[in-house]
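> what's the 3D shape of this:
(one chain, ligands or ions: 1)
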Amino acid sequence: MSMFHLLQLEGRFQDNLALLITPLLLSTLLVVVLQRFGFRKSQKLPPGPWPWPVVGNLFMLGKSPHTAFARFAEQYGPLVYLRLGSAHTLVASSPALAKEFLQTQDHVFHARPPSLAFTILTGNAGVAVSSGSTLRFLRRICVNELFTAKRLELFQPMRTAEIHAMIKDIYVEAQDDKVIDLNFKLASLSTNNITQMLCCGVGTNQRDTRWFKEIVDEAFHWFGVFIIADYIPYLKWVTKLQGIDASLQALYTKLSTFIQQIIDEHRRNPNVVDNDTIKDFVDVLLTMPQEDGTGHLSDATIQAIIIDMLTAGLDTSYVTLEWVMAELLRHPDIMQRAQKELDTVVGTNRLVTESDLQHLPYLQAILKENFRIHPPAPIMAPHRSIQPCQVEGYNLPTNTQVFVNLWAIGRDPNVWERPLEFDPDRFMQHPEIDVHGRNFELLPFGTGRRACPGRPLGILFAQIGLANLLQSFDWTLPSNLQEEPMKLDMSETFGLTVKKTQGLCAKAQPRLHPHFYH
Ligand code: HEM
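The predicted structure is shown next:
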């Protein structure tokens, strides 16, 4: 999760600029004086571009903040100071600085900046907007109850059934020589997998999961809208005038009403709780006590956790598979080597299973390489300091927000040899580098108190999804690109997660005996 909901730019800032001009001009005179002669003069700050009055450096971010941040790092060094509206902002673009903010000073930088969209859409509860003891409590639930190895194993039949259904679908289309819309197939797979595990394990149907995707897409739209009040709080009234609060409230009502129906349904028909019965997360959450150890979690808290997981988990999971398939289509030699590994370890007389994954080091190296060059959440989600602190000799005030630019670190020639080359062998030579938050040069899931709680599922889903796609089919690009695969368009669209601008399409040739596809 990427969870750029807390940044909310997606390039729409410029589109909304006209709406903001009048209030900005009115405010400028006052703020320019405070800004020029206030904070910046009294503090020695890291280098960075000069901020404009009121808006600061916001307008310099354009449609791809991660690449703009990388350009600033080239110009000013790995620690850059920006002013986004009135928010003191740092961008960290080196493994050493990632370690400083996410490990050494994790106790200071573990809060999140305020976000109107996220506050309203989660009912101001849940993991992403919490802090202090509530945050610790909710994260304990995620780590100790929801994403445990045992729980993930219980959901294995569901995951396998969904993946096999997708493989069968692709087989049918491949028989008709159709070009496969991988973007759509992978997004549907991720939606079904996550919604079933969260709350649709029982009692709901395909219509419900499709509905989820629609409403989550609507929420994503809002996470991508630039909301001026997040950056310049005294302009809250502009946001109200634009009707943003009301629209967000209406969406929240729709989302929470639907999830409440699911909670009520689970309450009426509780699933048997034992090792042989698959329970979804709502079932688990209904049994959990409150923070003080009494009673049960409130419905509002359960709703917020489910909304957190939906928004953070759906897109991150499928874009990982889409980017890695795009890289493999550009590098047929790497795809063939991964298939050879599958044929050697698993063979062609049975389908790959999750227990095979640990024996597939090259497949794992491919995914690490993909996380390096295409981190789904390229600037993570912003962290905010809860007290004044010192970093590299600079005195930073409370409420300084920091972005760790994973995208820039992954492409930095000082960190990686030939950084723009897709070469999984770098991780075959260094298998000790993993994505579990111990190696600061590769942090696709973050690390520390705010690290992604869904990491075990994110990794598992990517590995088993990729293994099945490669074992079941030979993949090639559509005919116009077959001769020159490197011409495949790899442009990115920034948002909650960075997506391929053009959804991936490819041709599939079955590799296994036909009975495996039925
Ligand atoms: C490939 C898949 C995924 C990637 C790359 C990913 C990445 C991330 C990153 C970078 C963060 C922010 C970490 C930070 O700020 O320090 C995050 C947060 C989060 N992720 Fe994931 N994620 C993935 C899948 C998932 C899944 C499947 C779920 C749940 C179903 C999930 C739930 C969350 C939640 C709830 C947070 C917020 C944590 C907090 O604010 O304390 N993620 N994720």
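> Can you tell me the closest non-neighbouring residue to the residue in the chain that the ligand sits nearest to?
Closest residue of the chain to the ligand, CB to the nearest ligand atom: residue 454 (2.2 Å). Every C-beta, even on glycine, is put in place using the N, C-alpha and C of the backbone. The shortest distance from residue 454 to any non-neighbouring residue, by CB to CB, 6 or more residues apart in numbering, is to residue 313 (5.1 Å).
> From residue 406, how far out is that neighbour?
18 Å (CB to CB, to the nearest Å).
> near the ligand, which residues of the chain show up?
Applying CB under 6 Å from any ligand atom, we find that the chain lies next to the ligand at 1-3, 127-128, 194, 308-309, 312-313, 316-317, 320, 376-377, 380-381, 444-446, 450-454, 457-458, 462.
> at 5 Å what do you get?
1, 127-128, 308-309, 312-313, 316, 320, 376-377, 380-381, 444-446, 450, 452, 454, 457-458 (CB under 5 Å from any ligand atom).
> Please, where are all the strands along the stretch 351-500 of the chain?
Ranges of strands in the stretch 351-500 of the chain, per DSSP state E, counting those that start in this stretch, are 383-384, 389-391, 394-396, 401-404, 473-476, 492-493, 499-500.
> Identify the residues contacting the first one?
It stands for strand 383-384. Contact with strand 383-384 is made by 101-102, 109-113, 399-402, 404, 450, as judged by CB atoms under 8 Å, 6 or more residues apart in numbering.
> Kindly reformat these as JSON lines and extend each row with pLDDT.
Output for the contacts of strand 383-384, formatted as JSON lines (pLDDT from 0 to 100):
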{"residue": "101", "pLDDT": "98"}
{"residue": "102", "pLDDT": "98"}
{"residue": "109", "pLDDT": "97"}
{"residue": "110", "pLDDT": "95"}
{"residue": "111", "pLDDT": "94"}
{"residue": "112", "pLDDT": "93"}
{"residue": "113", "pLDDT": "92"}
{"residue": "399", "pLDDT": "96"}
{"residue": "400", "pLDDT": "97"}
{"residue": "401", "pLDDT": "96"}
{"residue": "402", "pLDDT": "98"}
{"residue": "404", "pLDDT": "98"}
{"residue": "450", "pLDDT": "95"}
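> Going by neighbour count, which residues of the longest helix along the chain are buried?
In the chain, taking DSSP state H as the definition, the longest helix is helix 299-330. By neighbour count with 16 or more other CB atoms under 10 Å, helix 299-330 contains the buried residues 299, 301-330.
> and what of stretch 131-148?
135, 137, 138, 139, 141, 142, 146, 147.
> Stretch 509-518 now?
Neighbour-count burial for stretch 509-518 [16+ other CB under 10 Å]: 510, 511, 512, 516, 517.
> What of stretch 370-388?
Going by 16+ other CB under 10 Å, stretch 370-388 has these buried residues: 370-385.
> Least confident secondary structure element in this protein?
helix 12-37 (a mean of 46; mean pLDDT, DSSP states H and E).
> Can you show me the CA trace of stretch 237-257 as PDB?
What follows is stretch 237-257, C-alpha atoms only, in PDB (Å, rounded to 0.1, in the frame of the first residue of the first chain):
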ATOM      1  CA  TRP A 237     -13.300  26.200   3.600                       C
ATOM      2  CA  VAL A 238     -12.200  25.900  -0.100                       C
ATOM      3  CA  THR A 239     -12.500  22.100   0.200                       C
ATOM      4  CA  LYS A 240     -16.000  22.400   1.600                       C
ATOM      5  CA  LEU A 241     -16.900  24.900  -1.100                       C
ATOM      6  CA  GLN A 242     -15.700  22.400  -3.700                       C
ATOM      7  CA  GLY A 243     -18.100  19.800  -2.300                       C
ATOM      8  CA  ILE A 244     -15.300  17.400  -1.500                       C
ATOM      9  CA  ASP A 245     -16.300  16.700   2.200                       C
ATOM     10  CA  ALA A 246     -19.800  16.000   1.100                       C
ATOM     11  CA  SER A 247     -18.700  13.600  -1.700                       C
ATOM     12  CA  LEU A 248     -16.400  11.800   0.600                       C
ATOM     13  CA  GLN A 249     -19.100  11.400   3.200                       C
ATOM     14  CA  ALA A 250     -21.500  10.000   0.700                       C
ATOM     15  CA  LEU A 251     -18.900   7.500  -0.500                       C
ATOM     16  CA  TYR A 252     -18.100   6.500   3.100                       C
ATOM     17  CA  THR A 253     -21.800   5.900   3.800                       C
ATOM     18  CA  LYS A 254     -22.100   3.600   0.800                       C
ATOM     19  CA  LEU A 255     -18.900   1.700   1.700                       C
ATOM     20  CA  SER A 256     -19.600   1.400   5.400                       C
ATOM     21  CA  THR A 257     -23.300   0.400   4.800                       C
END
